[in-house]
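In: only the shape, not the letters, is given here:
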């Protein structure tokens, strides 16, 4: 089993930045596909970004392109999401997720095996 714990959320003003971290334990996630999703109040959980086991080929939702950067440090068993130029629409609970399979859509919630409990990001206008 893999446990994922997110941190780094908080309250920030429009245009500000936050860096979310996801710490994995129980097993090394070196060969796992790791992703970030978010869920705003009253809305479905949406894909934000994903990164392959090699750290290559990051994938971003259109809303995240150019503003967010996903990265991983396999030596520390962590995945991060740097978020810049934050907007009120970015307000949501952000979830870290991981899966063993490298195949299939990275944007599918159902394809992920493990989830963290989420961290709240609030962007004030």
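Out: Okay, I see it. Because the structure is predicted, anything quoted here is derived from the model rather than measured.
In: list the residues that contact the nearest residue to residue 45 once chain neighbours are set aside.
Out: Distances taken as C-beta to C-beta, 6 or more residues apart in numbering put residue 39 closest to residue 45, at 4.2 Å, once the chain neighbours are dropped. In this view, the C-beta of every residue, glycine as well, is placed from N, C-alpha and C. Residue 39 sits next to 45-46, 92-93, 95, 118 when contact means C-beta atoms under 8 Å, 6 or more residues apart in numbering.
In: how near is residue 39 to residue 85?
Out: 21 Å (C-beta to C-beta, to the nearest Å).
In: now residue 120
Out: 19 Å.
In: ok so, going back, filter the contacts of residue 39 down to the ones in strands?
Out: Applying DSSP state E to the contacts of residue 39, the entries found in strands are 45-46, 92-93, 95.
In: buried subset of those residues, written for ChimeraX?
Out: Buried residues within these, by 16 or more other C-beta atoms under 10 Å, are selected in ChimeraX with:
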select :45,92,93,95
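In: quick one, strands of the chain?
Out: Per DSSP E, the chain carries strands over the ranges 3-7, 10-13, 18-25, 33-39, 45-51, 59-60, 68-73, 78-83, 92-99, 114-115, 119-124.
In: could the ones you listed go into a markdown table alongside mean pLDDT?
Out: Shown next, in a markdown table, are the strands of the chain (pLDDT from 0 to 100):
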| stretch | mean pLDDT |
| --- | --- |
| strand 3-7 | 97 |
| strand 10-13 | 98 |
| strand 18-25 | 96 |
| strand 33-39 | 97 |
| strand 45-51 | 97 |
| strand 59-60 | 96 |
| strand 68-73 | 96 |
| strand 78-83 | 97 |
| strand 92-99 | 97 |
| strand 114-115 | 96 |
| strand 119-124 | 98 |
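In: okay, those strands in a markdown table with distance to residue 105 next?
Out: Below are those laid out as a markdown table (distance: least, C-beta to C-beta, whole Å):
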| stretch | distance to residue 105 |
| --- | --- |
| strand 3-7 | 20 |
| strand 10-13 | 30 |
| strand 18-25 | 20 |
| strand 33-39 | 11 |
| strand 45-51 | 9 |
| strand 59-60 | 10 |
| strand 68-73 | 16 |
| strand 78-83 | 18 |
| strand 92-99 | 11 |
| strand 114-115 | 17 |
| strand 119-124 | 24 |
